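> Take this sequence and fold it.
(chains A and B)
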Amino acid sequence: MTLRIAATLSVLSLALLAGCASQPAAPEQTAAGVEDRTPSAVVASPPAVAPVTSAKPNPYDLAALKDPNSPLSKRSVYFDYDSYVVKGEYQALLGHHARFLAANGQMKMLIQGNADERGSREYNLALGQKRAEAVKRALMLLGAREDQLEAVSLGEEKPVCMESTESCWAQNRRGDMLYSGEF
Amino acid sequence: MKTNWLPRLAGAWLGAFALLAHAQLSIEITGAGAQRLPIAIADFSGERVVAQALGSVIRADLERSGLFQIVDAPAVGMNENSAPNYIEWRSRGADALAAGSVTAQPDGSYATRFRLHDTVKQAAIAGQAYAHTSAQLRATAHRIADAIYEKLTGERGIFSTRIAYVVKSAGRFELMIADADGNGAQAALASREPIMSPAWSPDGTKLAYVSFEAKKPIVYVHDLASGRRYVVANYKGSNSAPAWSPDGKRIAVVLTRDGHSQIYLVNADGSGPTRFAASPGIDTEPQFSPDGKFIYFTSDRGGSPQIYRQPVAGGAAERVTFDGSYNVTPRLSPDGRSMAFVTRDGGRFRIAIMDLGTRQVQVLTDTAKDESPSFSPNGRMILFATEVGGRGVLAAVSADGRVKQRLSVQAADVREPAWGPFIP
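Down below sits the predicted model:
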């Protein structure tokens, strides 16, 4: 089972890489073929691909990273309590980042997983690692290379919001994507 | 002699207090045992400042244990050689009485002696002499309290042991080492990045811990006397949750070098990592049983975080906790008969204890954000982290749930306690 998934994933990422190389402007690609066999940590709902107008320059060139209007400016994926499942709503965002990484093979990404303050610090460190890994696997599924990605956990140690409220906790259950030069 | 030691000693004390005041742990007793043994500690004879300091440390130690009730002792000028009037001490309500002396020696050191009496049996039952410096005054008082405690309860005292904990204040993390009564706190490591999971080596000379100072969690071992340290685990991803084997030769760590958090065993110098357990999910928080035969750990392999154990020599993992959907952080009592852990009940996280023979569970605390339980080396108390008024504090509860203490530092968050072993 595990082997089959791995094989399926790598075939798919090869397909995506090939697609990206010939057609950088985001080919329509759905993950429908693997949906049934996808491990629980990766939700492979069809990515909503933002249309790219021909007038624009390449949306995945390096400058796009610094463009506040680029979808690449969004760097966080949020998780449910005690969960490391990437929700379907983040597939489009992860698709943009995966295509950017595919188009810029020299770029690397550090994915930092975070947890809210509740419960054991060590368990939360492991939970943060699972979240970072889930983001990493989603990016690989969508076309990034494994050697571009490192997943680490900050556990509950680096909260962005300090109050003991649900809205605060929700902000802290997070995976952050940092590019070369940002970490 | 008599004229020159006092200012010297007083100066040393003031200096020490000034240095340590910012990080001083203060201990508040919030619950005591049902039956407390009434004991009187007569003022020691000798130079007043030194003798009073000795007496007050001994009384505070015994009182904090929750097992003794301190009976007021009038200034009767006793020492270890006095023959007490047992009838009179009994009439004051004291079932036990300690008296002693502290004598300045020509070389500036001290000789301290005490004798413990059972006023019911009307007999001296223990006594000891100690040679020490002025800097070792508190340590001597703790030794005397340990001797009294052991004679009267039958179990070893923990007043001479040390604790480690992490203080967070204004973007600064400090790994502190203090006496079990919170005194003499010293920073072993200060960092702008988080520090977590300190674990004492079985001989008490080293601490393993996780530091984020290199922007990711890495496991270090730190020799306390020399301040030297080395990296035990720095692999791709996260490295965490160190736990020493009882013989001090190996350390269990959690690595993510194969993707997700799994338990490995490494030699104490960090060499030779071997995978210990395998699961598709999270395995973390390993701890050896005191006989070294099992590793207890937290895993979500069954769908929710629960405690399992697996033989170190090889074999299948066995689930240990079943009630509730969140049971984590297994910590075995020194006799190996019970296990403290954190259990979630509704939205509250509490310290519970399981009798490993009967598998019966008792919840020990009524706070809501309890973490990181750590047994005292005599198994009597469990030190843990909790939150009071939005601030991290340490608290301790006896293994029977009766005695409760709270330890806090002014204007800082205290967390990640680890109670050190007996000092030989």
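
> use CA for all of it now, contacts and neighbours both
OK.

> Run through chain A and note the low-pLDDT ranges.
A:1-47, A:51-57 (pLDDT under 70).

> so how far is chain A from B:A42?
According to CA to the nearest CA, to the nearest Å, B:A42 and chain A sit 45 Å apart.

> Could you do B:P280 as well?
B:P280 is 10 Å from chain A, by CA to the nearest CA.

> And the pLDDT for the residue in chain B that chain A sits nearest to?
Closest to chain A within chain B is B:G237: 4.6 Å, counting by CA to the nearest CA. pLDDT, B:G237: 89.

> can you pull the contacts of the closest residue to it other than its chain neighbours?
Distances taken as CA to CA, 6 or more residues apart in numbering or on different chains place A:V152 nearest to B:G237, at 4.6 Å, with adjacent residues excluded. With contact taken as CA atoms under 8 Å, 6 or more residues apart in numbering or on different chains, A:V152 is in contact with A:L110, A:I111, A:Q112, A:G113, A:G128, A:Q129, A:A132, A:E133, B:K216, B:G237, B:S238.

> Report the secondary structure element holding A:V152.
strand A:149-155 (DSSP states H and E).

> Mind listing the strands that strand pairs with, and their directions?
Sheet pairing for strand A:149-155, assigned by DSSP bridges, gives strand A:109-114 (parallel).

> tell me the secondary structure for the one residue sitting closest to the centre of chain A?
Ranked by distance to the mean C-alpha position of chain A (CA atoms, centre = their mean), the top residue is A:V135 at 3.8 Å. Under DSSP: H, G, I helix; E, B strand; the rest coil, A:V135 falls in the helix class.

> distance of it from B:I251?
Between A:V135 and B:I251 the computed distance is 30 Å (CA to CA, to the nearest Å).

> Chain B contacts on chain A?
A:118-123, A:126-127, A:129-130, A:133, A:150-154, A:157 (CA under 8 Å from any CA of the partner chain).

> Can you pull out the residues in contact with stretch B:111-123?
With CA under 8 Å, 6+ apart, stretch B:111-123 has contacts from B:79-81, B:86-87, B:89-90, B:94-105, B:124-132, B:144, B:148.

> That one: how far from the chain's middle?
In terms of CA atoms, centre = their mean, to the nearest Å, the centre of stretch B:111-123 is found 28 Å from the chain centre.

> With only the CA atoms kept, save it in CSV.
Only the C-alpha atoms of stretch B:111-123 are listed here, as CSV (Å, rounded to 0.1, in the frame of the first residue of the first chain):
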residue,chain,number,x,y,z
ALA,B,111,31.4,21.9,62.4
THR,B,112,27.7,21.2,62.6
ARG,B,113,26.1,18.5,64.7
PHE,B,114,22.6,17.5,65.5
ARG,B,115,20.7,14.8,67.4
LEU,B,116,17.1,13.7,66.8
HIS,B,117,15.0,12.5,69.7
ASP,B,118,11.8,10.5,69.9
THR,B,119,9.9,12.2,72.7
VAL,B,120,7.4,9.3,72.9
LYS,B,121,10.0,6.6,73.2
GLN,B,122,12.1,9.1,75.2
ALA,B,123,15.3,8.2,73.3
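
> Now that stretch: buried residues?
Using 16 or more other CA atoms under 10 Å in any protein chain shown as the test for burial, stretch B:111-123 gives B:T112, B:R113, B:F114, B:R115, B:L116, B:H117, B:D118, B:T119.

> Any chance of CSV for these, columns secondary structure and pLDDT?
Listed next are these as CSV, based on DSSP: H, G, I helix; E, B strand; the rest coil; pLDDT from 0 to 100:
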residue, secondary structure, pLDDT
B:T112, strand, 97
B:R113, strand, 97
B:F114, strand, 97
B:R115, strand, 97
B:L116, strand, 97
B:H117, strand, 97
B:D118, strand, 97
B:T119, coil, 96
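
> show me where chain A has helices.
Along chain A, counting by DSSP state H, helices occupy A:2-22, A:91-103, A:121-141, A:166-172.

> How about the residue nearest to B:G237: which residues does it bridge to?
With DSSP bridges as the rule, A:V152 is bridged to A:Q112.

> next one: B:A126
Once the bridges are assigned, which here means DSSP bridges, B:A126 pairs with B:L116.

> so what's it up against?
By CA under 8 Å, 6+ apart, the contact set of B:A126 is B:R115, B:L116, B:H117, B:I148, B:K151.

> Among those, which one sits closest to B:I70?
Using CA to CA, the shortest approach to B:I70 within these belongs to B:I148, at 12.9 Å.

> rewinding a little: so which of the contacts of stretch B:111-123 are in helices?
Taking DSSP H as the definition of helices, the contacts of stretch B:111-123 contribute B:Y86, B:I87, B:W89, B:R90, B:I144, B:I148.

> just how off-centre is stretch B:29-39 within its chain?
Chain-centre distance of stretch B:29-39: 19 Å, with CA atoms, centre = their mean.

> Just the buried ones from the contacts of A:V152?
Here, 16+ other CA under 10 Å leaves A:L110, A:I111, A:Q112, A:G113, A:G128, A:Q129, A:A132, A:E133, B:K216, B:G237, B:S238 buried among the contacts of A:V152.

> The residues you listed: which two are farthest apart?
Farthest pair in the buried ones among the contacts of A:V152, by CA to CA: A:E133 and B:K216, 14.9 Å.

> Can you get me a residue count around B:A75?
B:A75 sits with 10 neighbouring residues when counted by other CA atoms under 10 Å in any protein chain shown.

> same thing with A:S153?
30.

> Tell me what angle the strand holding A:V152 forms with helix A:91-103.
Computed with axes from the mean of the first three to the mean of the last three CA atoms, to 10 degrees, the direction of strand A:149-155 lies at 130 degrees from that of helix A:91-103.

> for stretch A:167-183, how far is the first residue from the last?
For stretch A:167-183, the end-to-end distance is 27 Å (CA to CA).

> mind listing what's buried in that stretch?
By neighbour count on 16+ other CA under 10 Å, the buried set for stretch A:167-183 is A:C168, A:W169, A:A170, A:Q171, A:N172, A:R173, A:R174, A:G175, A:D176, A:M177, A:L178, A:Y179.

> residues from the stretch 201-350 of chain B in reach of chain A?
So the stretch 201-350 of chain B meets chain A at B:216-217, B:236-238, B:240-241, B:256, B:259-261, B:282-285, B:298, B:328-329, B:342, B:349 (CA under 8 Å from any CA).

> filter those residues to the buried ones?
Going by neighbour count (16+ other CA under 10 Å), these have B:216-217, B:236-238, B:240-241, B:256, B:259-261, B:282-285, B:298, B:328-329, B:342, B:349 buried.

> Which of those fall in helices?
Assignment to helices by DSSP H places none of those there.

> Narrow those to those in strands?
Those of these mapping onto strands are B:S240, B:A241, B:D283, B:T284, B:E285, B:T298, B:V328, B:T329, B:V342, B:F349, per DSSP state E.

> Could you list the buried residues of stretch B:169-180?
The neighbour-count check on stretch B:169-180 (16+ other CA under 10 Å) flags B:F173, B:E174, B:L175, B:M176, B:I177, B:A178, B:D179, B:A180 as buried.

> Can you name the residues in contact with it?
Outside stretch B:169-180, the residues touching it (CA under 8 Å, 6+ apart) are B:158-168, B:184-195, B:411-413, B:419.

> Keep only these that also lie close to chain A.
B:P194.

> Please convert the buried members of the contacts of stretch B:169-180 into PyMOL selection syntax.
Typed into PyMOL, the line below selects the buried ones among the contacts of stretch B:169-180, using 16+ other CA under 10 Å:
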select buried, chain B and resi 158+159+160+161+162+163+164+165+166+167+168+184+185+186+187+188+190+193+194+195+412+413+419
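
> Now do the contacts for the closest residue to B:I295 other than its chain neighbours.
Excluding its sequence neighbours, the residue lying closest to B:I295 (CA to CA, 6+ apart) is B:F288, at 4.4 Å. By CA under 8 Å, 6+ apart, B:F288 lies in contact with B:A243, B:W244, B:S245, B:P246, B:F294, B:I295, B:Y296, B:L332.

> Just put those residues in a markdown table and tack on secondary structure and neighbour count.
Shown next, in a markdown table, are the contacts of B:F288 (DSSP: H, G, I helix; E, B strand; the rest coil; neighbours: other CA atoms under 10 Å in any protein chain shown):
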| residue | secondary structure | neighbour count |
| --- | --- | --- |
| B:A243 | strand | 26 |
| B:W244 | strand | 25 |
| B:S245 | coil | 24 |
| B:P246 | coil | 18 |
| B:F294 | strand | 20 |
| B:I295 | strand | 26 |
| B:Y296 | strand | 27 |
| B:L332 | strand | 25 |
